[in-house]
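1. Okay, predicted coordinates and the sequence, questions at the end:
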Amino acid sequence: MSFIELDEKPLNRFIVYMTILVGFGTFLDGYDLLNVSIALPFLIKVMRITTAIQGMLGTATYLGGIFGAVIFGVFSDLRGRKSALILDLFFFFIASFVSAFVSNVTQLIAIRLAIGFGIGADIVSGPALLSEMLPKNKRGTMLGISLLMMPLGGLVSVLVAYMLYSSGISANIIWRIIFALGAIPALIVILLRSYLPESPRWLAKFGDPKKHAREFRTFGINVQKNKRQSYLEIFRKYKRGLAYSSIAWFTAGTTSMLTIFTPLILQRFVTKGYFQLISLTLAVWIFALFGALVSALLQDYAGRKKLAVVSIMFLGVSYVLLGFSLLLSAHVLELILSLAMFFSFMNVGVAYAVQTEVFPTDLKSFSDGLAFSINRVANFAFGSLVPVLLALGVLTHFLWFSGLLVMLLAVVLAALGIETKNKSLERIEEELAGREITD
């Protein structure tokens, strides 16, 4: 099978199955985002956590994600996408299980760093495999569907917390169960992923016909052994793609103010009751789900670049309005918070697709890791400040600043980005490298 055949091949059940299976990595990310924020009110009481430590605990996974994305980016490029996709979830599985038995906040932060390491590794390995097998006219939609699993994971986390709290279990046990339950889907996905094939594009360049004999036969791969490009080429030939992907991921990273700390914001300005807090968080994350769904449906219609610019611009506007809404009624706050989550996941959906389209196969996962690490830096920087800013009463001003910054970056992205809709990965590579286009 040639790459042209892959690009033109219609969707089938296996591609849909693979999309969902890869998407379980983002499902676990979403589950983890919400389980720490839902558990935080319990942890504050049980462990008497200061505001500064609240920020660190809520964003520790982001720091781990930086290292996971970069290290496993190299591993995925050298050893293949499939190996990385199986190994990375072991970090999540083990750390989630162990987190149920920690006795202090220092141990919990260390465990959350390990969980973040596994998530970061999965986010750069999974989309690489998926993008290299999807038909070009459905690549945006299917990558968007894979990302759609993230808000689904968040919703599951909220529902689990609701059921546990309704059962009357003590607060000191609830947060342990919420964390530990993440190990179950991780183990199932590890087992199912063992049956996935390796990326045909990676195999054509770096595969061993003996070791990967089954995939070579299945895909009819013609070996195209090439000298691996230096990673320095990312900053030479593909610097525009790196900047494009990094800006998209940075703006998405600012949303940690909402994805992690929505319960704290609601607790401060809307309600002190835990049941109502969970219900409102659930409603906000339903908007996040619809934002990711709209992103998936529009990517192959409107195009990635246009959708990125529009969603980022409206995200910035939402931040500014959210800053004002903190000074107004609770109902206005809930509405604006929901809209901000809608546009944030439109943005995340585009960033998830773009990161894996704008780099060549031999540099793809590491390049994705660099861009995604920018997301995790932004996640940590913006999210860790929220508890402190809430305590100081200056969150409104920070939201205004964030909104203006995000809107400015939307303008930069409009000038810098390229459209990847309905283009083969090879054509995108040639455009970004400045070579003559051959297809």
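-> Cool, the structure landed.

2. Show the backbone phi and psi for Val102.
-> Dihedral pair for Val102: phi -70, psi 160, per degrees, to the nearest 10.

3. In contact with it, which residues?
-> By Cβ atoms under 8 Å, 6 or more residues apart in numbering, the contact list for Val102 reads Leu108, Ile111. C-beta here means a position set from N, CA and C on the backbone, and glycine is covered the same way.

4. Could you do Val388 as well?
-> Contact partners of Val388, counting by Cβ under 8 Å, 6+ apart, are Thr51, Ala52, Gly55.

5. Out of those, which comes closest to Val317?
-> Among the contacts of Val388, Gly55 lies closest to Val317 (Cβ to Cβ), at 25.5 Å.

6. So what's the residue count around the residue nearest to Ala351 when sequence neighbours are not counted?
-> Leaving aside its chain neighbours, Ala351 sits nearest to Ala248 (3.9 Å; criterion: Cβ to Cβ, 6 or more residues apart in numbering). Ala248 has 31 neighbours, counted by other Cβ atoms under 10 Å.

7. Wait, Ala248 touches Ala308, no?
-> Yes: the criterion here is Cβ atoms under 8 Å, and Ala248 meets it with Ala308 at 5.5 Å.

8. Common neighbours of those two, please.
-> Joint contacts of Ala248 and Ala308 (Cβ under 8 Å, 6+ apart) are Asn347, Val350, Ala351, Val354, Leu413, Gly417.

9. Show me the residues you listed that map onto helices.
-> Asn347, Val350, Ala351, Val354, Leu413 (DSSP state H).

10. Who are the contact partners of the third one?
-> Translated: Ala351. Ser245, Ala248, Trp249, Thr251, Ala252, Ala308, Asn375.

11. I'd like those residues as CSV, with distance to Leu33, secondary structure and pLDDT appended.
-> Listed next are the contacts of Ala351 as CSV, based on distance: Cβ to Cβ, whole Å; DSSP: H, G, I helix; E, B strand; the rest coil; pLDDT from 0 to 100:
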residue, distance to Leu33, secondary structure, pLDDT
Ser245, 21, helix, 95
Ala248, 19, helix, 96
Trp249, 16, helix, 96
Thr251, 17, helix, 96
Ala252, 12, helix, 94
Ala308, 21, helix, 96
Asn375, 13, helix, 93
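
12. Tell me the one of those nearest Pro151?
-> Ala252 (13.0 Å).

13. nearest to Pro200, of the contacts of Ala351?
-> Looking across those and measuring by Cβ to Cβ, the closest to Pro200 is Ser245, at 23.0 Å.

14. ok, the residue lying closest to that closest one once chain neighbours are set aside - how many residues close by?
-> In this structure, Ser245 finds its nearest non-sequential neighbour in Ala371, 3.9 Å apart by Cβ to Cβ, 6+ apart. Ala371 has 29 neighbours, counted by other Cβ under 10 Å.

15. distance between the helix or strand hosting Ala371 and the chain's centre?
-> When elements are assigned from DSSP states H and E, Ala371 belongs to helix 364-392. Chain-centre distance of helix 364-392: 11 Å, with Cα atoms, centre = their mean, to the nearest Å.

16. Mind listing what's buried along it?
-> Neighbour counts using 16 or more other Cβ atoms under 10 Å place 364-380, 382-390 of helix 364-392 among the buried residues.

17. ok, back up a step: for the contacts of Ala351, name the two members farthest from one another.
-> Across these, the longest distance by Cβ to Cβ is 13.6 Å; it joins Ala308 and Asn375.

18. Redo the contacts of Val388 as a markdown table? Include neighbour count, secondary structure and distance to Ile178.
-> Formatted as a markdown table, these follow (neighbours: other Cβ atoms under 10 Å; DSSP: H, G, I helix; E, B strand; the rest coil; distance: Cβ to Cβ, whole Å):
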| residue | neighbour count | secondary structure | distance to Ile178 |
| --- | --- | --- | --- |
| Thr51 | 15 | helix | 22 |
| Ala52 | 13 | helix | 23 |
| Gly55 | 23 | helix | 20 |
